[in-house]
Structure formats: C-alpha cells, structure tokens
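Engineer: what's the 3D shape of this:
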Amino acid sequence: METSRYTSVMGFLLSVGILFQGCDSAVKCRNDRGDEVDWYILYKRPNEDKLGLSYFYMDESTNGWILSQENISSDSGTLANTLRPLFDFYDRKIEGFGYMLYSDQPPKPYVAPPSFGHSKGVVLLDKASGVWLSHSTPKFPVYRNKAFWPDNGNANAQAFMCVTYPYKQFKEIGVQLKYIHAYSYDSEIPTTFHNELRCVAQRDCYPKKEPWFSQATLTSSRGRNFISFAKYTRFGDDLYSGLVTKNIRGNLYVKSWGKMHHNRGLPSNCSKSIPNHVYNVKEVKLPNRRAFSDTVDHSKWCVTADGDWICIADMNREESQMKRGGGAICTNDRVVGMAFYRLIRNFEPCKDPRSTVGRREL
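Structural biologist: Just a heads-up that it's a prediction; the model follows:
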C-alpha cells in the first residue's frame, strides 16, 4: 500500500517537474557563464600572434566588445554553452527538441554541392524557443562530436551571431534558409515542427519562381528586431550592392575574406545604379590588438558609416558568389554598429578619384 502511494506521488511530482521544465526552454543563446542572453556576437582573432582561439564578445549588456577569458574551443565558453542542448541530445534523444546544422563547407564525410548556398549556421529549437547561430567557420561544429571546434578554424578570424527567437519565428527562418538554399548536413526536426524548417533540413527546398530574394523581420525573444536578407542563386547579383545597401540607408563597409583563390573579387562599388557606396574593408584592428588584413580574416560582416546598421553575413564579395545563395542578418543598433565601424583601419576606395579616401586614423 505504502509502495503504491509512494509510486503515485513520485509519478505526480515527476509529471509536474516535466511540465514546469517544458515551460522554460533550455534552448537559448548563452554567454561564458552559461547565462541566457537575447543575442550575442563573437569575433575570433586570427592566429598571427598565437592567439587564434581567443575571442571578443558582445551582447546587449556589454556596451561594446569585451575580451573573453575563455577560448573558442573551451567546453565552458560561449559556443559550448549555447550548443549544450545539442550535446545532451547526442547522449539521449530528447522528445520535442530539433536541430539543423548547415554549411557550404561541412565536416567529413559530407561534401556540399556548389548548387547550394554559401552559408553556415546552427539551428536549435524546442516548442518554446530556439537559437539561430550564423557563423563563418568551415567544418563547424565537428560532426556529432562534443569536441565541436575544428582545428581548421584556428588560423583565420571568424565571426558568430546568435539570436534567441520564440518558436513561432522559425517558420520564417525556414523560409529564409530556403532562399539561401542552405546545405543541411545533420538534422533532426520533429514532424510536429514547422514544415518550412523540415523541408530545408531534408534538402528539398529552394525557390521555384521570382522574386529570387526574400527579406524578413525577425523578432527576438526579448523584442529586438533583426532583418534577414536572403538571395537564391538565380538572383545573380552581389549580396551587398544588389540587396543589402538597397534596403538600408548609408554607405556600406563590407568585410569579407581577402583570399579569393581562383575567383575574381568585386571592387568597391560607387556606381550611380545603387543608392549607397559599397566599400571593401581591407584591414581590421580589434581592441588593444595589432591590426590584421582581410587575407587572414574569414569573417563576413558589413556596417554603415554612421553605425546605424550592422550585419553578420554569409558571403564574400566576389564574382562567383553572385551566382550562389546566401544572406545577412542585420540590426539597427548604433552601439553595436559603432563597435564594428571603429574596427576598420583601411578600406578600398572606388576607382573614381573623387571617391572617399580609403584610410581611417582613429
């Protein structure tokens, strides 16, 4: 009799615990302490000074860049804390949890066909909230391994943006990833989740008709607006001069990778056919560190001259990427924008001699 009563009470308490646990999602962007944050941006240094695992961090509370005391591969750093629900899922299947890892440069054994978008990211979610982590690092995260950081990520600078969204926003995020034509290399999206996300995870989604781009306003869990710009391969133009600068005000300074290999880089663009100038950033200096060139900086971002707009992006400014899908996630925040704008040390002027001189002295 006592055993039966004990079992009933424990069963009730367990069900209540599960109920309350389900009301407060663990799937959120998290900082170095493991505290939940609405959004964050990381900027990992290149390895020029043997500091290739150190990173600068920013969120709504920091008022600009701070140097993390962790390294990027640490199991107690920002990325590991954010990815924890995925690691838990690897240990045991958790009902009501979904994820998708996508990349144009996925880890082995996968190879992404060039018909897919030039884009890298992580989506984690449950029915309460989720995170969209957009980044620039090839082979990240390592396939089904809690040692998530790839060695190839050490050499170059990289950027990450994580935003916590309510569950309902992942329907629209699925649409944006469809236009990007993201290559999903690992995923498990429950059948009860948004079909738009499941379709991308199954590599079965891409636009079938015009327009060949999509713009969406996404609202974070704490009410901050982000604008997602996405272009499909048939858009046929540069992401920055063909889409971003036509939808936000101000001259745009674009930081993309300077090593173009066999591809032809696009010059800075001051054409009258676009409403604002688009300049290539050639050199960056993080706080209290030496400046480094775009040839060791694999991050992709752009900022307006007044700092009103900042975007973390997927694409380089080169001819070959005019024919590929990709996107940018932008926010109208002058504190964040100026933190990026102040990093710029050199940019490429347009060929027109009347255009802006390409060097800043801070």
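Engineer: going forward, measure contacts between C-alpha atoms and count neighbours the same way
Structural biologist: Will do.
Engineer: Check the contact between residue 126 and residue 28; I expect there is one.
Structural biologist: No - the pair formed by residue 126 and residue 28 falls short of the contact definition of Cα atoms under 8 Å, at 10.0 Å.
Engineer: Of those two, which one has the most company?
Structural biologist: The residue with the greater number of neighbours, taking residue 126 and residue 28 and applying other Cα atoms under 10 Å, is residue 28; the counts read 30 against 24.
Engineer: Quick check, that one in contact with residue 37.
Structural biologist: Yes - with contact defined as Cα under 8 Å, residue 28 counts as touching residue 37 (7.1 Å).
Engineer: Need the overlap of contacts for the two.
Structural biologist: Listed contacts common to residue 28 and residue 37 are residue 164; contacts here mean Cα atoms under 8 Å, 6 or more residues apart in numbering.
Engineer: tell me which residues in whatever helix or strand residue 216 lives in are buried?
Structural biologist: Counting by DSSP states H and E, the secondary-structure element that holds residue 216 is strand 213-219. Neighbour-count burial for strand 213-219, counted by 16 or more other Cα atoms under 10 Å, picks out 213, 214, 215, 217, 218, 219.
Engineer: Residue 199: helix or strand, and which one exactly?
Structural biologist: Residue 199 is part of helix 195-201 when elements are defined by DSSP H and E.
Engineer: Contacts for that helix, please.
Structural biologist: By Cα under 8 Å, 6+ apart, the residues outside helix 195-201 that reach it are 100, 170-175, 177-178, 181-184, 186-191, 205.
Engineer: how about 6 Å then?
Structural biologist: 171, 174, 175, 178, 184, 189, 205 (Cα atoms under 6 Å, 6 or more residues apart in numbering).
Engineer: How about stretch 216-223?
Structural biologist: With contacts defined as Cα under 6 Å, 6+ apart, stretch 216-223 is touched by 164, 165, 166, 225, 226, 227, 228.
Engineer: how near is residue 101 to residue 117?
Structural biologist: For residue 101, the distance to residue 117 equals 14 Å [Cα to Cα, to the nearest Å].
Engineer: When these two are compared, which one has more neighbours?
Structural biologist: Counting neighbours by other Cα under 10 Å for residue 101 and for residue 117 shows that residue 117 has the greater number, 30 against 22.
Engineer: Could you verify my assumption that the more buried one touches residue 181?
Structural biologist: Yes - at 5.0 Å, residue 117 and residue 181 qualify as touching, with contact defined as Cα atoms under 6 Å.
Engineer: what about residue 204, how many neighbours?
Structural biologist: Using other Cα under 10 Å, the number of residues around residue 204 comes to 11.
Engineer: From residue 177, how far off is it?
Structural biologist: 11 Å.
Engineer: and if you look at residue 202?
Structural biologist: 12 Å.
Engineer: So for these two, which residue has more residues nearby?
Structural biologist: Higher neighbour count among residue 202 and residue 177: residue 177, with 31 against 16, using other Cα under 10 Å.
Engineer: can you confirm the more buried one is in a helix?
Structural biologist: Yes - the assignment for residue 177 (DSSP: H, G, I helix; E, B strand; the rest coil) places it in a helix.
Engineer: low-confidence ranges in the stretch 251-362 of the chain?
Structural biologist: Residue ranges of the stretch 251-362 of the chain with pLDDT under 70: 260-263, 352-362.
Engineer: what about the helices in it?
Structural biologist: When secondary structure is read from DSSP state H, counting those that start in this stretch, the stretch 251-362 of the chain shows helices at 334-341.
Engineer: ok, now the stretch 1-150 of the chain?
Structural biologist: So, for the stretch 1-150 of the chain - with DSSP H, counting those that start in this stretch - the helices run 2-23, 78-91.
Engineer: Would you single out the least confident of these?
Structural biologist: The stretch with the lowest mean pLDDT among the helices of the stretch 1-150 of the chain is helix 2-23, which comes in at a mean of 39.
Engineer: for this protein, longest strand please?
Structural biologist: Looking across the chain with DSSP state E, the single longest strand is strand 158-166.
Engineer: Show me the contact partners of it.
Structural biologist: Contacts with strand 158-166, where a contact means Cα under 6 Å, 6+ apart, come from 28-29, 38-44, 129-136, 220-221, 298-299.
Engineer: where does the nearest residue to residue 307 once chain neighbours are set aside sit relative to residue 199, distance-wise?
Structural biologist: Taking Cα to Cα, 6 or more residues apart in numbering as the measure, residue 307 lies nearest to residue 337, with 4.0 Å between them; neighbours along the chain are not counted. With distances defined as Cα to Cα, the gap from residue 337 to residue 199 amounts to 34 Å.
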